[in-house]
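Trainee: Sequence first, predicted coordinates after that:
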2 protein chains.
Amino acid sequence: MMREAPDAVFTALADPTRRRVLRLVAERGPTSATLLEREMPVTRQAIVKHLVVLSRAGLVTGQRTGQEVRYGLVREPLDEASEWIAEVGSRWDERLARLRQVVLDQKPERS
Amino acid sequence: MMREAPDAVFTALADPTRRRVLRLVAERGPTSATLLEREMPVTRQAIVKHLVVLSRAGLVTGQRTGQEVRYGLVREPLDEASEWIAEVGSRWDERLARLRQVVLDQKPERS
DNA sequence: GCTGCGTGCAACTATCGAGTTGCAGCTTAT
DNA sequence: ATAAGCTGCAACTCGATAGTTGCACGCAGC
């Protein structure tokens, strides 16, 4: 199986500033770019760009209310990424287990 | 809490080619750059660079045996990344839960 | 109307990073 | 010793992207 890795998600998570934005959205709840600007050392424009990237990756969704746009978090892609990581880790462990098995099997039926 | 995100790990996971390298290492077990080259559409040098990045992130370790260097996977940083992701997700859920609680609390003791 | 606040688009800079090619050095076996 | 195979270093190209500044548009309230 091993569903192909969601490229956009990992790319989105790569940038520290973007991770901070994501974290703030998760903690504060639906937030606007202008609000986020006050808690970060970069321009609103920069934050907007990050939100666009996060949005394309499906990690957040924007909802317009009046004149401001509030962004909320979406868990699914996040969970998929987490799952991909876990699967790589388990592949390694499976290999180790299989190897150990081979070693153990040699003892009983040694020539 | 929320331990600061391991920057190097997420940076390492951002590149598709690098993820493929990591995956191959996990599946094949300790592997050399030259072996990996045969399964990928890029130069050995490119793979070496990726292995260096993965190594700096602590995701793999190289072990020299004679003239070749075999790289194996290391789970810990991988798990940390997975944990970071999970924590962001749960922050969001906690917020939702807290919000729901507020709504529920309003009913019994409404003025 | 005008003022304020929030969003959206565009152009520009500058840095980073993925990939290549070329060459040198070290092991192993013939 | 010499040939073959694997590693390591260096220089270079080229595209992507994080961040900035500047300006225009739209919705609110006085």
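Mentor: Yes, it's here. Numbering: from 1, shown residues only, chains lettered A, B, ... in the order given.
Trainee: now the longest helix along chain A, how far from the chain's geometric center?
Mentor: If you go by DSSP state H, chain A has its longest helix at helix A:75-106. With C-alpha atoms, centre = their mean, to the nearest Å as the basis, helix A:75-106 stands 19 Å off its chain's centre.
Trainee: With stretch A:56-63 instead?
Mentor: 12 Å.
Trainee: which residues are contacting that stretch?
Mentor: A:6, A:8-9, A:11-12, A:22, A:25, A:30, A:51, A:54-55, A:69-74, A:76-78 (C-beta atoms under 8 Å, 6 or more residues apart in numbering or on different chains). Where you see a C-beta, it was placed from the backbone N, CA and C, and this is true even at glycine.
Trainee: Check which residues of that stretch are buried.
Mentor: The neighbour-count check on stretch A:56-63 (16 or more other C-beta atoms under 10 Å in any protein chain shown) flags A:Ala57, A:Gly58, A:Leu59, A:Val60, A:Gly62 as buried.
Trainee: Nearest to DNA strand D among those residues?
Mentor: A:Ala57 (11.1 Å; C-beta to the nearest atom of the strand).
Trainee: quick one, phi psi at that closest one?
Mentor: phi -80, psi 0 (degrees, to the nearest 10).
Trainee: Quick check: it vs B:Leu99, distance?
Mentor: A:Ala57 is 25 Å from B:Leu99, where distance means C-beta to C-beta, to the nearest Å.
Trainee: Quickly find the element holding the residue nearest to A:Glu39 when sequence neighbours are not counted.
Mentor: Nearest residue to A:Glu39, sequence neighbours excluded (C-beta to C-beta, 6 or more residues apart in numbering or on different chains): A:Leu24, at 6.2 Å. Here A:Leu24 sits within helix A:16-28, counting by DSSP states H and E.
Trainee: Can you tell me what sits against that helix?
Mentor: A:12-13, A:31, A:35-36, A:39-40, A:42, A:46-47, A:50-51, A:53-54, A:59-60, A:71-73, B:2, B:5, B:7, B:10, B:88-89, B:91-92, B:95.
Trainee: Weed out the non-buried ones from those residues.
Mentor: Of the contacts of helix A:16-28, these count as buried by 16+ other C-beta under 10 Å: A:12-13, A:31, A:35-36, A:46-47, A:50-51, A:53-54, A:59-60, A:71-73, B:5, B:10, B:88-89, B:91-92, B:95.
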